[in-house]
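Colleague: Structure for the following, please:
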Amino acid sequence: MSKRKNFLELRLFTCAWISAFIIFSPAVLFASQFVILKSQDLGPYNETVNSIMSAVKKQPQVFSLSGDPEKINQVAAMLGTPPDLFIAIGTQSAAAIRSTFPQSSMFFAMIPRARGQSMVDRKTSGIYLDLTFESQLKLIQKMLPKTQRVGIILSEDNQLVDERELIRKGQELGIVIVIRRTPEVSRFSDILGTIIDQIDLFLILPDPLWGQKDTVMYLREKLVDKNIPFVAFSQALVKMGAIMAFSPDYAKLGRELGEIMDNFAAGESLKAPSDPPFRVIVNRTLMNQYGLIIPSPLADKVDYQ
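Modeller: The predicted structure is shown next:
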């Protein structure tokens with residue numbers, strides 16, 4: 001009887017030990033703690049995620065909404081227990097995470113500053129997609145020192161941007177900011193016509209307006225006619241006619257996120273949101289076309305394309 005009892009105790013102990021190993025092993029804990037969710041399978045998103053995966057000590061799970069917010073329900077079903085931390089790549093994924101997993105911590109990337117600032121709380125931080133407006137103006141002054149009057153057009157329903165703040169920042173740096181809003185894309189040409197003779201440079205800020213390629217192409221056509229260059233926040237827009245862009249460095253951004261994930265695993269709390277690591281990308285052909293030259297030694301610090 002004693003032998004049978006000892007055997008049963010040993011068996012129970014073994015089962016308990018195996019269960020504890022399965023539940024508390026680092027690999028399983030890590031899998032339950034960190035999840036990366038992309039809004040879509042876009043090139044910059046994938047580059048950022050790949051860089052994260054190459055930087056972290058242990059691999060998180062990765063999911064994509066593929067442009068469909070409802071897929072968050074499928075992700076929730078597959079995960080079961082809410083993760084300790086989500087990495088949201090894109091605005092859509094961040095919104096889906098916050099509505100479905102309100103108790104999870106979240107770190108976002110690839111989200112415009114104006115949108116990201118409205119998400120920040122004690123459980124949410126991130127790396128913004130774009131530099132501060134002041135930083136962009138200072139870079140413009142260094143790269144294109146003759147700039148005096150900058151034009152900006154935003155969607156009427158973009159209430160995350162404070163026009164008065166943009167104008168004030170410009171005044172502090174000695175730059176006149178001419179800003180307008182358009183109620184719809186079809187009115188863009190009319191709105192652009194009201195400011196095009198008042199500016200010497202156009203600045204594209206993150207806004208739904210620029211999600212339509214036709215709008216960017218129309219802007220390029222009209223500005224070229226007036227010999228007015230435009231500056232943007234994305235390398236893709238340089239290919240579409242921007243003279244330069246202050247574009248996120250997606251590889252470095254991913255590495256920074258990887259470090260944050262490892263630090264979080266080590267018990268560090270989320271820090272305040274940060275500016276993105278960025279590259280100054282210059283369209284050499286357009287610089288020559290406009291007769292512009294980047295002052296030395298800045299010329300050695302840009303990427304030409």
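Colleague: Next, Asn288: phi, psi?
Modeller: Main-chain dihedrals, Asn288, degrees, to the nearest 10: phi -70, psi -40.
Colleague: To clarify, my last question referred to Pro295.
Modeller: The phi/psi pair for Pro295 (degrees, to the nearest 10) reads phi -60, psi 140.
Colleague: Check Asp275 too.
Modeller: phi -70, psi 150.
Colleague: and the residue lying closest to Lys301 once chain neighbours are set aside, what helix or strand is that in?
Modeller: Using Cβ to Cβ, 6 or more residues apart in numbering and skipping the chain neighbours, the partner closest in space to Lys301 is Val280 (6.8 Å). All C-beta spots, glycine's among them, are computed from the backbone N, C-alpha and C. Assigned by DSSP states H and E, Val280 belongs to strand 278-282.
Colleague: one step back: what's the local residue count around the residue nearest to Lys301?
Modeller: 18 (other Cβ atoms under 10 Å).
Colleague: circling back to that earlier point, so what strands line up beside the strand holding Val280?
Modeller: Each strand paired with strand 278-282, and its direction, by DSSP bridges: strand 244-248 (antiparallel), strand 303-304 (parallel).
Colleague: most packed of those?
Modeller: Mean neighbours per residue, mean count of other Cβ atoms under 10 Å, is largest over these for strand 244-248, with a mean of 24.
Colleague: Quick one: mean pLDDT for it?
Modeller: The average pLDDT for strand 244-248 rounds to 95.
Colleague: for stretch 266-277, how far is the first residue from the last?
Modeller: 24 Å (Cα to Cα, to the nearest Å).
Colleague: Phi and psi next, for Lys138.
Modeller: When read as degrees, to the nearest 10, the backbone of Lys138 gives phi -60, psi -40.
Colleague: For it, which non-adjacent residue is closest in space?
Modeller: Lys138's closest residue in space is Leu173 (Cβ to Cβ, 6+ apart), at 6.8 Å.
Colleague: what's the burial count for the one you found?
Modeller: Applying other Cβ under 10 Å, we find 12 residues neighbouring Leu173.
Colleague: Would you mind listing the outside residues contacting the strand holding Val280?
Modeller: Residues from elsewhere that reach strand 278-282, judged by Cβ atoms under 8 Å, 6 or more residues apart in numbering: 131, 139, 143, 235, 238, 243-249, 294, 301-305.
Colleague: Could you do stretch 150-163 as well?
Modeller: Outside stretch 150-163, the residues that touch it by Cβ under 8 Å, 6+ apart are 112, 114-115, 117-118, 137, 140, 166, 170, 175-184, 188, 191-192, 195-196, 198-203, 205, 207-209.
Colleague: just stretch 202-216 next, same as before
Modeller: Outside stretch 202-216, the residues touching it (Cβ under 8 Å, 6+ apart) are 112-115, 129-130, 133, 136, 140, 150-155, 157-158, 161, 182, 185, 188, 219, 223, 228-233, 237, 240-242.
Colleague: Filter those down to the buried ones and hand me the ChimeraX line.
Modeller: Applying 16 or more other Cβ atoms under 10 Å to the contacts of stretch 202-216 leaves a buried subset, and the ChimeraX line that selects it is:
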select :112,113,114,115,129,130,133,136,140,150,151,152,153,154,155,158,161,182,188,219,223,228,229,230,231,232,233,237,240,241,242
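Colleague: so who does the spatially most central residue of the chain touch?
Modeller: Central residue of the chain (Cα atoms, centre = their mean): Met110, 1.6 Å from the mean position. Residues near Met110 by Cβ under 8 Å, 6+ apart: Ser39, Pro44, Tyr45, Thr48, Ile89, Gly90, Thr91, Leu129, Pro248.
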